[in-house]
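[1] fold the following for me, if possible:
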Amino acid sequence: MPGRPERLASFVILPAVLVAVGVLAYFTFRTTLQVERLRQQSVLEATLGLANEKADRLDARIIEQDNVVFAIADPQRLADLTLRWLPTAQRETPTVRAILVLDESRTVLAFASRAGGVFAEEEAFRRLLVQRMCADMELAKQEPDELRHLHRAYRGQSYLVSYWQRVVPAAPEGSGASSASDQGQGRRYLVVAWHDIGRIVKDTMPTLFSEAATPSRVNVLDEDGRIIFGPPLRSSEFTVAVRFPTTLYGWRVQVSPSASDELTARVQNRAMLELVMVVLSCAVIVLGVATILLAAEKERRISALKSDFVANVSHELKTPLALVRMFGEMLQSGRVSSDEKRQQYLDIIVSESERLSALIENVLDFARVERGREAYDFSEGDVGEAVAKAVNVYKYRAEREGVDLAIELGADLPRTRIDGRAVELAVINLIDNALKYAPGSNVVSVRVERENSAIVVRVVDRGPGVPPEDQGRIFERFVRGSTARGLPIRGSGIGLALVKHIAESHGGRAWVVSGVGQGATFAISIPVVSLG
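    Residues are numbered from 1 along each chain as shown. Predicted coordinates:
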């Protein structure tokens with residue numbers, strides 16, 4: 001069956017393309033999500049790095065002060081501890097509130113305070129250190145001179161202390177100098193630096209966590225998630241919180257990019273945009289392929305119709321030519337028995353010649369249709385006059401076939417811009433269509449009248465009519481209606497297509513009004529164009 005491989009290819013190609021588009025869309029979308037995740041990860045890593053850097057900076061600042069205290073707090077010089085520390089305390093250890101030295105029995109041997117004495121709060125801290133804090137320190141696991149920190153809340157107040165154990169070698173018996181040969185037998189002291197958390201929050205954190213230095217917002221949260229320092233931060237996917245490594249390890253520093261809301265919105269918008277672009281691209285590909293396949297199918301159908309057209313035209317040319325030749329040869333041979341027969345043969349020759357001429361005219365005019373509107377020659381003309389010429393052309397044929405071909409011209413038909421030859425050709429095709437495809441119709445009426453701003457030409461027959469399913473198709477090229485296909489009449493399928501093209505080239509339209517068994521009315525409209 002002709003066209004089956006092409007149709008089969010179409011059915012195979014479209015699903016294959018759809019599957020390919022689906023696969024492409026899947027991998028494109030997955031790649032887009034992966035790229036987006038990498039972008040988010042890079043932002044998160046940068047924010048995490050910034051949070052760790054800020055936490056490390058605070059730890060380093062506190063440890064720097066601890067090192068100063070370590071150098072000052074010598075258990076062998078406890079008497080002048082306050083004198084050696086206080087003069088430089090504001091500059092070198094601004095957050096250290098007090099320094100304490102305890103022996104192995106947890107007795108406080110020295111207490112140096114920036115308050116200048118031992119007040120109620122200092123005394124309360126001393127008792128808290130002895131009674132509770134020392135028990136929370138992992139002193140048994142601590143190496144000599146190893147710095148550690150204790151950060152914990154006691155009685156609803158947060159404390160930070162730095163502590164280390166120092167071993168002073170015992171002096172040998174009978175010697176005035178200390179020997180370091182056996183440190184394990186020396187005396188062990190506990191040195192504690194009490195850091196003022198209030199000063200850390202009010203003085204140190206603003207200096208280290210200044211938002212002007214980095215494009216981010218910072219705050220510090222305590223053990224219960226309350227904000228100790230900084231503004232509230234809106235929770236977003238780019239907000240990062242890390243604990244302080246060694247000092248205030250019970251607290252967390254939280255960092256969020258200044259444009260986190262904008263980044264979140266931008267990520268969402270970009271993801272949505274890329275998703276829409278992927279969907280649109282896939283839709284365009286699918287529509288493009290569908291359009292190509294539809295165009296190919298339409299071209300295949302037109303090609304098949306053209307093949308039918310060539311076969312029909314060939315048959316249409318062959319039949320009249322054969323008849324003309326046969327009857328011409330009979331007349332030439334002189335074998336005609338009577339004048340009546342001779343006249344009958346001459347009538348057949350004339351009829352078939354007219355049929356042949358009409359077919360050739362249609363084919364030539366169809367070529368004009370293919371060239372477009374430029375093939376027409378518009379000028380001022382009378383539609384009624386052009387219609388009358390078309391009726392006169394078919395007057396003799398109608399009489400010969402026993403059909404009453406009547407014309408009704410409306411009064412005061414205006415002149416307008418037309419191609420008179422084309423209008424005449426359109427009406428000829430409509431009349432030919434009525435005579436050819438409406439057998440038994442003894443009356444064909446041609447009516448011309450003005451309706452609003454257009455002149456309407458109607459050709460009315462009393463034939464079998466046109467089925468509703470064919471009324472929209474019979475004006476297409478090479479298409480013949482189902483009623484016509486049921487009759488023993490050959491046709492090219494270009495007559496009504498030519499009528500439609502002529503009407504539309506004049507700015508009008510062509511249509512048919514019909515019911516099965518009720519005849520048909522074919523009509524064209526031509527707009528009235530002002531000639532001023």
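[2] use CA for all of it now, contacts and neighbours both
    Will do.
[3] near Thr31, how many residues? Count them for me, please.
    Neighbour count of Thr31, defined by other C-alpha atoms under 10 Å: 12.
[4] helix or strand for it, just tell me which one.
    helix 4-72 (DSSP states H and E).
[5] what is the helix or strand that that helix is followed by packed up against?
    Per DSSP H and E, the first helix or strand lying C-terminal to helix 4-72 is helix 81-92. Under the contact definition 3 or more C-alpha pairs under 8 Å, 6 or more residues apart in numbering; DSSP states H and E, helix 81-92 sits against helix 4-72, strand 108-113.
[6] as TSV, these with distance to Phe125 and mean pLDDT would be great.
    Listed next are the helices and strands packed on helix 81-92 as TSV, based on distance: least, C-alpha to C-alpha, whole Å; pLDDT from 0 to 100:
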stretch	distance to Phe125	mean pLDDT
helix 4-72	18	78
strand 108-113	11	93
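[7] so which of those is the most surrounded?
    strand 108-113 (a mean of 19; mean count of other C-alpha atoms under 10 Å).
[8] note down every partner strand of that strand and its orientation.
    Note on strand 108-113: by DSSP bridges, its sheet partners are strand 96-102 (antiparallel).
[9] who touches the partner strand?
    The contact list for strand 96-102 (C-alpha atoms under 8 Å, 6 or more residues apart in numbering) reads 65, 69, 73, 75, 89, 108-115, 189-196.
[10] stretch 141-159 now?
    136-137, 160-167, 194-197, 246-250.
[11] that stretch: which residues count as buried?
    For stretch 141-159, the neighbour count (16 or more other C-alpha atoms under 10 Å) marks Pro144, Leu147, Arg148, His149, Leu150, His151, Arg152, Ser158, Tyr159 as buried.
[12] mark which of the contacts of stretch 141-159 are part of strands, please.
    Among these, the members falling in strands (DSSP state E) are Leu160, Val161, Ser162, Tyr163, Trp164, Gln165, Arg166, Val167, Trp194, His195.
[13] ok, so of those residues, who is nearest Leu273?
    Leu160 (50.7 Å; C-alpha to C-alpha).
[14] and for that closest one, nearest residue in space, chain neighbours not counted?
    In space, and not counting its chain neighbours, Leu160 is closest to His151: 4.5 Å by C-alpha to C-alpha, 6 or more residues apart in numbering.
[15] roughly how far apart are Pro206 and Arg243?
    18 Å (C-alpha to C-alpha, to the nearest Å).
[16] so the residue nearest the centre of the chain, which of the three states?
    Central residue of the chain (C-alpha atoms, centre = their mean): Val276, 1.9 Å from the mean position. At Val276 the chain is in helix, as set by DSSP: H, G, I helix; E, B strand; the rest coil.
[17] do Gly508 as well
    At Gly508, secondary structure determined by three-state DSSP is coil.
[18] cool, Gly517 as well?
    Per three-state DSSP, Gly517 ends up coil.
[19] before we move on, back to that, sort out for me which of the buried residues of stretch 141-159 are in strands.
    Arg148, His149, Leu150, His151, Arg152, Ser158, Tyr159.
[20] and the third one, what's its pLDDT?
    The model reports Leu150 with a pLDDT of 96.
[21] and for the last one?
    According to the prediction, Tyr159 has pLDDT 95.
[22] hey, what's it bridged with?
    Arg152.
[23] okay, it and Glu354: tell me how far apart.
    119 Å.
[24] before we move on, back to that, packing partners of the helix holding Thr31?
    When contacts are defined as 3+ C-alpha pairs under 8 Å, 6+ apart, helix 4-72 packs onto helix 81-92, helix 205-208, strand 240-243, strand 252-257, helix 260-333.
[25] quick check: angle from the first one to helix 4-72?
    Regarding helix 81-92 and helix 4-72, their directions subtend 140 degrees when assessed with axes from the mean of the first three to the mean of the last three C-alpha atoms, to 10 degrees.
[26] kindly export helix 81-92 (C-alpha atoms) in CSV.
    Provided in CSV are the C-alpha atoms of helix 81-92 (Å, rounded to 0.1, in the frame of the first residue of the first chain):
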residue,chain,number,x,y,z
LEU,A,81,50.7,38.2,92.1
THR,A,82,48.3,41.1,92.3
LEU,A,83,51.2,43.7,91.8
ARG,A,84,52.5,41.9,88.8
TRP,A,85,49.1,41.5,87.1
LEU,A,86,46.9,44.5,87.8
PRO,A,87,49.1,47.2,86.1
THR,A,88,48.8,45.5,82.7
ALA,A,89,45.4,43.7,83.2
GLN,A,90,43.3,46.3,81.3
ARG,A,91,45.6,46.1,78.3
GLU,A,92,46.7,42.5,78.2
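[27] hmm, who's touching that helix?
    Gln65, Val68, Val69, Ile72, Ala73, Asp74, Val96, Ala110, Ala112, Ser113, Arg114.
[28] residues touching the fourth one, list them.
    Under the criterion of C-alpha under 8 Å, 6+ apart, the contact partners of Ile72 comprise Leu81, Arg84, Trp85.
[29] most neighbours, which of these?
    Going by other C-alpha under 10 Å, Trp85 tops the contacts of Ile72 with 22 neighbours.
[30] separation between it and Ile418?
    114 Å.
[31] ditto for Asp382
    For Asp382, the distance to Ile418 - C-alpha to C-alpha - is 8 Å.
[32] which residues in the stretch 301-450 of the chain form helices?
    Per DSSP state H, counting those that start in this stretch, the stretch 301-450 of the chain carries helices over the ranges 339-371, 383-393, 395-400, 420-437.
[33] could you dump the ones you listed to CSV with mean neighbour count?
    Rendered in CSV, the data for these read as follows (neighbours: other C-alpha atoms under 10 Å):
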stretch, mean neighbour count
helix 339-371, 15
helix 383-393, 20
helix 395-400, 15
helix 420-437, 22
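[34] what's the closest of the ones you listed to Phe125?
    The nearest among the helices of the stretch 301-450 of the chain, by C-alpha to C-alpha, is helix 339-371 at 105.6 Å.
[35] just the angle between the closest one and helix 383-393, please?
    140 degrees.
[36] what's the burial count for Ala140?
    When neighbours are defined as other C-alpha under 10 Å, Ala140 has 6 of them.
[37] surely it is in a strand?
    No. Read with three-state DSSP, Ala140 is coil and lies in no strand.
[38] for Arg166, see how far away it is.
    13 Å.
[39] got it, and Glu399?
    On the measure of C-alpha to C-alpha, Glu399 and Arg166 end up 137 Å apart.
[40] next: Glu299.
    99 Å.
[41] between those two, tell me which one has more neighbours.
    Arg166 (22 against 12).
[42] that one pairs with what?
    Tyr189.
[43] that one against Tyr189, yeah?
    Yes. Arg166 is within contact range of Tyr189, at 5.2 Å (criterion: C-alpha atoms under 8 Å).
[44] what touches both of those two?
    Common neighbours of Arg166 and Tyr189 (C-alpha under 8 Å, 6+ apart) are Pro75.
[45] and Gly225, that one's in a strand?
    No. Counting by three-state DSSP, Gly225 falls outside a strand, being coil.
[46] run a quick neighbour tally on it.
    Under the criterion other C-alpha under 10 Å, the count of neighbours that Gly225 has is 10.
[47] and the gap between it and Arg97?
    Distance from Gly225 to Arg97, counting by C-alpha to C-alpha: 26 Å.
[48] all set now, cheers.
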